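>>> Requesting a structural model of the entry that follows:
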Amino acid sequence: MDERKSAQSRTTSAGVDATEPQYKSSKLAPWFAKLSNWGVELRGITPVPLEERVDKRFINVFFVWFAMSTNLLPIITGILGTFVFGLSLRDCSLVILFFSLLCTVPPAYFSTFGSRTGLRQMLHARYTFGYYVTPIIAFLNLATISGFGIISCVLGGSTLAAVSDGGIDGTVGIVIIGLIGLFVSFGGYRFLHQYERYSWTFTLVAIIITAGVGGSKLFNQVETAQSSPATIVSYGGVIAGFLIPWAAMASDFSVYCDPSVSTFRIFAYTYAGLFVPTVPLMVLGAAIGGATANNPTWVEGYTKYMVGGVLDAMLRPAGGFGKFIAVLLSLSVIGNLSGSMYSISLNFQLLAPFFVRVPRFVFSVVYTAVAIPVAVYAARSFFDSLENFIYLIAYWSAAYVAVVTIEHFVFRKADPTLYVPEHWDQPHKLPTGISAILAAGLSFGLVVPCASQVWYTGQLAATTGDIGFEVAFALSSILYVPIRWLELKWRPI
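As a prediction, this is how the structure comes out:
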């Protein structure tokens, strides 16, 4: 215990972690020390040692996930169910509820790896996918999270444009949202936790007021035909595509928690933080989507500014106060965007070995510089295609979750001590990753014909609906066991 306190004291007084490669430069060390004194997190993807896992404000894990889920993204996902898939409000709500109950489990459990191992989520993947294969998984994760981040920028920017009746160009709105997200994510773990702890309150109040002002028109739902099982299953795939990818960044937000915390407590905080806001907001979105066609002003708002235009139209009876509430709604995406930027900056460091020497926050700046112009272009032309693309590439996350889960429970007996943090950058002490990538890759031989998207419908999916997520999870799990068993016979690591 004394050694732990002593190590913590040395780290705090120095202001930097001398074990980090980027701090060894004598020219940059003073700048890093200054940033550390300002509260900026300097540690990157490297494991967090036991002496630094001292955060006992475990409730912050709940607030991070709650704030990241209380925004416009779940609303527009709910709108898809009624407005695009043509489901009734009842059917859509039931799909949201039951798929969310199931699909929130993987990110909630993966979140527990942080405090128990000190490993970020994609670094934890090295203990299944190996040193040389993990960059592929990190790249897929980057593509998924970055895409959702771009959607957040577009939603926030378009809502600001709607509030100003076009006075603020959508481009300006996107720039504002992107820069605020960068500011929050730049500070790192501690600053992000503090922001997320309180930011959700303003968003929640704004959403409640919006539902109260425009709620009377939500009962004016369009008539729908009986939903087919294939359509219901396909929309369930959208819910899975929204929730399951969180598992690939889950432990990033609990990695500094004291390991004395129970696994169930971190699991419960993460599960509740995701489930509690996501389901009601998706159902609200479904109600909005089902009523939009029967409300001309909502249709006009959606045509011009997407979901932001609809929310602005809902708030018009409140006059200037309604405009203020709409601004708060536009800023709601910051909680999600900043959390995504934080994980993106960590993922970048796994793409190539020398990226570990680049400070984490530099990649936040790089992502912002790329995301803003892409979001501007996306808002003008291919926003719908981008959204569909994100749900399509998110299939990989089901295979990832399956393989990591089997490795953890079957081959490591759910024992966190078998993840040796010191091995994180030693390829010969990590699995080769051949078993993991083979199991995940081979599963897509059946995933492709079972996938259903706007621009592609597989032969099996034409009958069953989109069951790509279910197939990816089940088949990867089945394939991984014998392949990994054979690998262990050849190389027992």
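>>> ranges for the helices of the stretch 251-400 of the chain?
Assigned by DSSP state H, counting those that start in this stretch, the stretch 251-400 of the chain shows helices spanning 263-292, 296-315, 319-331, 333-348, 360-377, 383-393, 395-406.
>>> How much space separates residue 266 from residue 64?
Distance, residue 266 to residue 64, by C-beta to C-beta, to the nearest Å: 11 Å. For the C-beta atoms, the positions are set from N, CA and C on the backbone; glycine is no exception.
>>> do the same with residue 322
Taken as C-beta to C-beta, the span from residue 322 to residue 64 is 29 Å.
>>> Likewise for residue 145?
Distance from residue 145 to residue 64, by C-beta to C-beta: 15 Å.
>>> Equivalent analysis for residue 466, please.
Separation of residue 466 from residue 64 (C-beta to C-beta): 30 Å.
>>> Flag whichever of the helices of the stretch 251-400 of the chain has the least confidence on average.
If you rank those by mean pLDDT, helix 383-393 sits at the bottom with a mean of 65.
>>> Look up phi and psi at residue 295.
With angles defined as degrees, to the nearest 10, residue 295 sits at phi -130, psi 100.
>>> Tell me the spatial nearest neighbour of it, not counting adjacent residues.
residue 217 (5.4 Å; C-beta to C-beta, 6 or more residues apart in numbering).
>>> more neighbours, residue 145 and residue 64?
Shown here are residue 145 and residue 64; by other C-beta atoms under 10 Å, residue 64 has more neighbours (27 against 23).
>>> The more buried one: which element?
helix 59-69 (DSSP states H and E).
>>> Residues contacting that helix, please?
Helix 59-69 is contacted by residues 111, 192-193, 195-197, 199-200, 203, 253-254, 257, 266, 269-270, 272-274, 276-278, 281, 335-336, 339-340 when judged by C-beta atoms under 8 Å, 6 or more residues apart in numbering.
>>> Dump the C-alpha coordinates for stretch 280-287 into PDB.
The C-alpha coordinates for stretch 280-287 follow below in PDB (Å, rounded to 0.1, in the frame of the first residue of the first chain):
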ATOM      1  CA  PRO A 280     -37.100   6.200 -24.100                       C
ATOM      2  CA  LEU A 281     -35.300   8.400 -26.600                       C
ATOM      3  CA  MET A 282     -35.600   5.800 -29.400                       C
ATOM      4  CA  VAL A 283     -39.300   5.400 -28.600                       C
ATOM      5  CA  LEU A 284     -39.700   9.200 -28.700                       C
ATOM      6  CA  GLY A 285     -38.000   9.200 -32.100                       C
ATOM      7  CA  ALA A 286     -40.300   6.400 -33.300                       C
ATOM      8  CA  ALA A 287     -43.300   8.500 -32.200                       C
END
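>>> Leaving out chain neighbours, which residue sits closest to residue 302?
residue 310 (5.0 Å).
>>> wouldn't that neighbour be in contact with residue 304 here?
No - judged on C-beta atoms under 8 Å, residue 310 makes no contact with residue 304 at a distance of 9.9 Å.
>>> So for those two, which sits in the more crowded spot?
residue 310 (32 against 18).
>>> so what's the more buried one up against?
Taking C-beta under 8 Å, 6+ apart, we find residue 310 in contact with 79, 288, 292, 298, 301, 302.
>>> That one and residue 79: what is the separation?
With C-beta to C-beta as the criterion, residue 310 and residue 79 are 8 Å apart.
>>> By residue count, what's the longest helix in the chain?
If you go by DSSP state H, the chain has its longest helix at helix 126-163.
>>> Name the residues of it that are buried.
Residues of helix 126-163 classed as buried by neighbour count (16 or more other C-beta atoms under 10 Å): 126-131, 133-138, 140-142, 144-163.
>>> before we move on, what about stretch 47-56?
Buried-residue list, stretch 47-56, by 16+ other C-beta under 10 Å: 47, 48, 49, 52, 53, 55.
>>> quick check, distance from it to the centre of its chain.
23 Å (C-alpha atoms, centre = their mean, to the nearest Å).
>>> again with stretch 88-107
Centroid separation between stretch 88-107 and its chain, computed with C-alpha atoms, centre = their mean, is 17 Å.
>>> contacts for that stretch?
78, 81-82, 85, 87, 221, 224, 227, 232, 235-236, 239-240, 242-244, 246-247, 250, 270-271, 274-275, 278-279, 282-283, 286-287, 290, 401, 405.
>>> Low-confidence regions, the chain specifically.
Within the chain, the stretches with pLDDT under 70 are 1-29, 381-388, 390-391, 454.
>>> Any idea which residue is closest to the centre of it?
Centroid-nearest residue in the chain, with C-alpha atoms, centre = their mean: residue 246, separated by 4.2 Å.
>>> Quick check, that one in contact with residue 274.
Yes - counting by C-beta under 8 Å, residue 246 does reach residue 274; the two are 6.7 Å apart.
>>> where along the stretch 101-250 of the chain do the helices fall?
105-110, 113-117, 121-124, 126-163, 170-186, 189-214, 229-243.
>>> Format those helices as CSV; extra columns: distance to residue 459.
Putting the helices of the stretch 101-250 of the chain into CSV (distance: least, C-beta to C-beta, whole Å) gives the following:
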stretch, distance to residue 459
helix 105-110, 28
helix 113-117, 38
helix 121-124, 34
helix 126-163, 25
helix 170-186, 39
helix 189-214, 41
helix 229-243, 13
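>>> Of all these, which one comes closest to residue 43?
With distances scored as C-beta to C-beta, the stretch of the helices of the stretch 101-250 of the chain nearest to residue 43 is helix 189-214 (8.2 Å).
>>> Now do the closest one against helix 170-186, angle only.
Using axes from the mean of the first three to the mean of the last three C-alpha atoms, to 10 degrees, the direction of helix 189-214 lies 140 degrees away from that of helix 170-186.
>>> Now for residue 215: which residues touch it?
So residue 215 contacts nothing (C-beta under 8 Å, 6+ apart).
>>> what number of residues lie near the closest residue to residue 285 other than its chain neighbours?
For residue 285, ignoring the flanking residues on the chain, the nearest one in space by C-beta to C-beta, 6+ apart is residue 78 at 2.5 Å. Residues lying near residue 78 (other C-beta under 10 Å) number 31.
>>> from the chain's centre, how far out does the strand or helix carrying residue 78 sit?
Using DSSP H and E, residue 78 sits within helix 72-79. On the basis of C-alpha atoms, centre = their mean, helix 72-79 sits 14 Å off its chain's mean C-alpha point.
>>> From the rest of the structure, what touches that helix?
Contacts with helix 72-79, where a contact means C-beta under 8 Å, 6+ apart, come from 92, 96, 148, 151-152, 155-156, 159, 238-239, 242, 277-278, 281-289, 292, 306-308, 310-311, 329-330, 332-333, 336.
>>> Next: stretch 187-199.
Contacts of stretch 187-199 (C-beta under 8 Å, 6+ apart): 39-43, 57, 60, 63-64, 66-68, 184-185, 253, 255-256, 334-335, 338-339, 342, 360-361.
>>> From the chain's centroid, how far away is it?
16 Å.
>>> So that it lines up with my notes, have the first residue be 47 from now on.
In the new numbering, first residue 47, that becomes stretch 233-245.
>>> Going by neighbour count, which residues in that stretch are buried?
Neighbour count says stretch 233-245 has 233, 234, 235, 237, 238, 239, 240, 241, 242, 243, 245 buried, by 16+ other C-beta under 10 Å.
>>> Quick check: the gap between the fourth one and residue 510.
It stands for residue 237. Residue 237 is 46 Å from residue 510, by C-beta to C-beta.
>>> cool, and the first one?
Residue 233 sits 46 Å away from residue 510, going by C-beta to C-beta.
>>> Repeat that for residue 128.
Relative to residue 510, residue 128 is positioned 22 Å away (C-beta to C-beta).
>>> more crowded one of the two?
Set residue 128 next to residue 510 and count neighbours by other C-beta under 10 Å: residue 128 wins out with 27 against 18.
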